[in-house]
Each structure stands twice: as structure tokens, then as C-alpha cells.
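**Q** here are the coordinates; sequence isn't available:
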Ligand code: ISE
């Protein structure tokens, strides 16, 4: 570890937590995860040993420690709030995996605490903003080279999900990514949400309607449809087609070799989000490390986390009540402008 390396503490050493330790300690520059905490002490100690970290049974104690400069929260979603709040209290920069918190009210409490502390410290792990393809789309849309964007057709397809994944999770766990990245892409807020169902796949179960289609409109009238089909059985596939006045723009797929065999020509595609967005995660963390060292937050803020949850909850309500719901977000505080 170099003297100038940022010393990070990570709470929650599940799969995503461990991949973040791995990328920060072995691939990226300028930081090291030097401490970790987990409720499962035996497993947490094993992980700490593997990555040469100090282990803490209590995440709060780790966050307080003078040995760490910044915090990464990768616990179960309901525990995000308390560790983000503790980081704010300690005045430490904190990266929290999405969602910032499962309930919009909890996100609001985080926003209020951050404003009260007077300094932006929180970044939310919406990694799609760091994907090369989405960044290219944003650049193409931003300068209006192709006219105004009018409508978007998107798809979010997973090969399979576990049996705990239920109907609300299609919006709140999967399409939350589209909710965030599309308002960033279009640089405007949503006005309404609606969710409709398709015919159910035979691969689903009693608690999951799959596929679903979420329909959003933006304040300027752009109409967005997102298909979430989380039991395709065969691929992880993310699509985003932006229909502009003068051109149709499509999210580029990561490049893979073309294979010509058995009288067919084709390309392999990803089977999982962790490989599809691996480069995005790396860029996201490198930029977070760089910004943290310079004392600023330049990624998705606590406010973005809050708007995402308000929108997701409106979409869930729209699905349950089978109607179009108006999305009511308070005015953006000057603090986040
Ligand atoms: C998962 O939780 C993620 O965050 C992935 O990025 C997403 O594609 C997947 O649908 C979610 O279940």
C-alpha cells in the first residue's frame, strides 16, 4: 500500500462486497480496503484474512475508526441506512450500493442528514452511468445532433432469479437501474409511471409476474417502455433504443469475437450482470476513489438515490392499482444543484 492510498472500510462481505474488495485492492489505483465488517463473524474473518484487512464485528465501530478514510456499504438493503447515516455522522465519504435504502422515506432521512452536515459525502452505486455505451448515448443525446429524443424502448433481461425474487422486485431491484440511468441520460425528471404485465413465462412462480413492462413519461413528454423479463432461461440482455427526431440510437453491446461454426455466424453475449457491467464497475470505483481523494462527490448522489426510490414506489403503486400514477418528487434542494 502506498502512503497516499485512501484507506477504505467495507461493511457487508457478501458476493458484491468481495468483488469490490478484489477490484480495489488488486486492479484499481489509489485506495486499499484495509478493514471490513460483517454480521457473520466467522465468514467475515476469513474474508479479512484473504485480503489482509482488519475485521470488525461491528460496522459502526469500523466506521468510527481513525484507521479508515472512507466507507463502502454492501450489506443487505435494509441495513444501508444505518451505515450511511453513521458515515455522515463521522464526516466520512461513503459509497453505498443501490438502492440507497429500500424505502423512499429512509432515503429522504439520508438526504436531510447530509444537508444538515453541510457536505456532500454520499454516492450511490448506480453503475450503469459508467458504462461506455450509456456514456456514448448520453453524449449523442446531449448535443441534440440527432434532434430531440422522443421515445425509448428498453429491455432488462436476466437468465434467472432466485425463488425469493417477487413481483415488486422487477421494478425495485432490476428496473431501478433503468429508472436511474434514463433520467441521467435524458437529463430530466419523470412525470408518470405505469406497469403492465405480459403473459407469464412457464419459468416463473406464484409470487412473480414475469415479464412486466414499466412505462414512464418524462416532464417534457418523452415516453419510455422497459421490459423486465428476469427468467429468460438463456441470457443477460440489456437494451436501450432511443428514438430521436432525426435518428435511432441504440446502446452498443460489449464487443465479443464473431464465431462462425456449424453454418452459423454469431457472438457470445453475457449471462450475468457482473460480467456485463464489469468495466462499468471498475470505472465507477476508480472515479469514486479519485473524487474522494479530491474531497468531492461527482457520481450519483443521495438525492439521485431518493428520486430513484420515489419513482420505484410510484411504479409499484401503479402496478398494484392498475393505473397511471403521477410521480411527485419535491423540488431539488440547492445543495444538490
Ligand atoms: C441485480 O440486483 C442487479 O443489480 C443487476 O444489475 C440487475 O441487472 C438484476 O436484474 C438485479 O437483480
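**A** Structure's in. What do you need? All values derive from a computational prediction rather than experimental measurement.
**Q** pLDDT score assigned to the nearest residue to residue 189 once chain neighbours are set aside?
**A** In space, and not counting its chain neighbours, residue 189 is closest to residue 219: 5.4 Å by Cβ to Cβ, 6 or more residues apart in numbering. Where you see a C-beta, it was placed from the backbone N, CA and C, and this is true even at glycine. pLDDT for residue 219: 98.
**Q** the closest residue to the ligand within the stretch 1-150 of the chain: neighbouring residues, count only.
**A** Nearest to the ligand in the stretch 1-150 of the chain, going by Cβ to the nearest ligand atom, is residue 98, at a distance of 6.6 Å. A count of neighbours around residue 98, defined by other Cβ atoms under 10 Å, yields 20.
**Q** please report the distance of it from residue 287.
**A** Here the criterion is Cβ to Cβ, to the nearest Å. By it, residue 98 lies 16 Å from residue 287.
**Q** tell me the contacts of residue 269?
**A** Counting by Cβ atoms under 8 Å, 6 or more residues apart in numbering, residue 269 makes contact with 235, 236, 237, 253, 256.
**Q** with residue 165 instead?
**A** So residue 165 contacts 173, 208, 230 (Cβ under 8 Å, 6+ apart).
**Q** so is it in a helix, a strand, or just coil?
**A** Of the three states, residue 165 takes coil according to DSSP: H, G, I helix; E, B strand; the rest coil.
**Q** do you know how far it is from the ligand?
**A** 7 Å (Cβ to the nearest ligand atom, to the nearest Å).
**Q** how about the residues of the stretch 51-200 of the chain near the ligand?
**A** 158, 173, 174, 177 (Cβ under 6 Å from any ligand atom).
**Q** and the furthest pair within the residues you listed?
**A** Farthest apart among those by Cβ to Cβ are 158 and 177. That separation is 11.4 Å.
**Q** need the residues of the stretch 201-337 of the chain near the ligand, please.
**A** Near the ligand, when you scan the stretch 201-337 of the chain using Cβ under 6 Å from any ligand atom, you find residue 273.
**Q** who are the neighbours in contact with the residue nearest to residue 189?
**A** Residue 219 touches 188, 189, 190, 191, counting by Cβ under 8 Å, 6+ apart.
**Q** the second one against residue 218, yeah?
**A** Read it as residue 189. Yes: under the criterion of Cβ atoms under 8 Å, residue 189 makes contact with residue 218 at 6.8 Å.
**Q** overlap in contacts, those two.
**A** Common neighbours of residue 189 and residue 218 are listed as residue 183 (criterion: Cβ under 8 Å, 6+ apart).
**Q** so those two - more neighbours on which side?
**A** Higher neighbour count among residue 189 and residue 218: residue 218, with 20 against 15, using other Cβ under 10 Å.
**Q** so who does the more buried one touch?
**A** By Cβ under 8 Å, 6+ apart, residue 218 lies in contact with 183, 186, 188, 189, 190, 191, 224.
**Q** rerun at 7 Å
**A** 186, 188, 189, 190, 191 (Cβ atoms under 7 Å, 6 or more residues apart in numbering).
**Q** low-confidence ranges, the protein, go.
**A** 1, 3 (pLDDT under 70).
**Q** can you rerun that using 80?
**A** Residues of the chain meeting the criterion pLDDT under 80: 1-3.
**Q** which one's the longest helix in it?
**A** Determined from DSSP state H, the single longest helix within the chain is helix 302-321.
**Q** what's that one packed up against?
**A** When contacts are defined as 3 or more Cβ pairs under 7 Å, 6 or more residues apart in numbering; DSSP states H and E, helix 302-321 sits against helix 104-117, strand 122-125, helix 176-186, strand 190-197, strand 325-326.
**Q** quick one: the ones you listed as JSON lines, columns for distance to residue 283 and mean neighbour count too.
**A** Converted to JSON lines, these look like this (distance: least, Cβ to Cβ, whole Å; neighbours: other Cβ atoms under 10 Å):
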{"stretch": "helix 104-117", "distance to residue 283": "24", "mean neighbour count": "19"}
{"stretch": "strand 122-125", "distance to residue 283": "12", "mean neighbour count": "27"}
{"stretch": "helix 176-186", "distance to residue 283": "14", "mean neighbour count": "23"}
{"stretch": "strand 190-197", "distance to residue 283": "26", "mean neighbour count": "20"}
{"stretch": "strand 325-326", "distance to residue 283": "34", "mean neighbour count": "15"}
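**Q** need the residue closest to the centroid of this structure.
**A** residue 126 (2.7 Å; Cα atoms, centre = their mean).
**Q** that one and residue 180 touch, don't they?
**A** Yes: in this structure, residue 126 is within contact of residue 180 by Cβ atoms under 7 Å, at 4.3 Å.
**Q** hmm, back to that, from the residues of the stretch 51-200 of the chain next to the ligand, which is closest to residue 322?
**A** Ranked by distance to residue 322 (Cβ to Cβ), those are led by residue 174 at 20.4 Å.
**Q** quick one: contacts for that closest one?
**A** Applying Cβ under 7 Å, 6+ apart to residue 174 gives the contacts 156, 158, 228, 230.
**Q** can you give me the helices in this protein?
**A** With DSSP H as the criterion, the chain has helices spanning 15-26, 41-50, 59-64, 80-89, 104-117, 132-142, 167-169, 176-186, 273-276, 278-293, 302-321.
**Q** that concludes my questions; thank you for your assistance.
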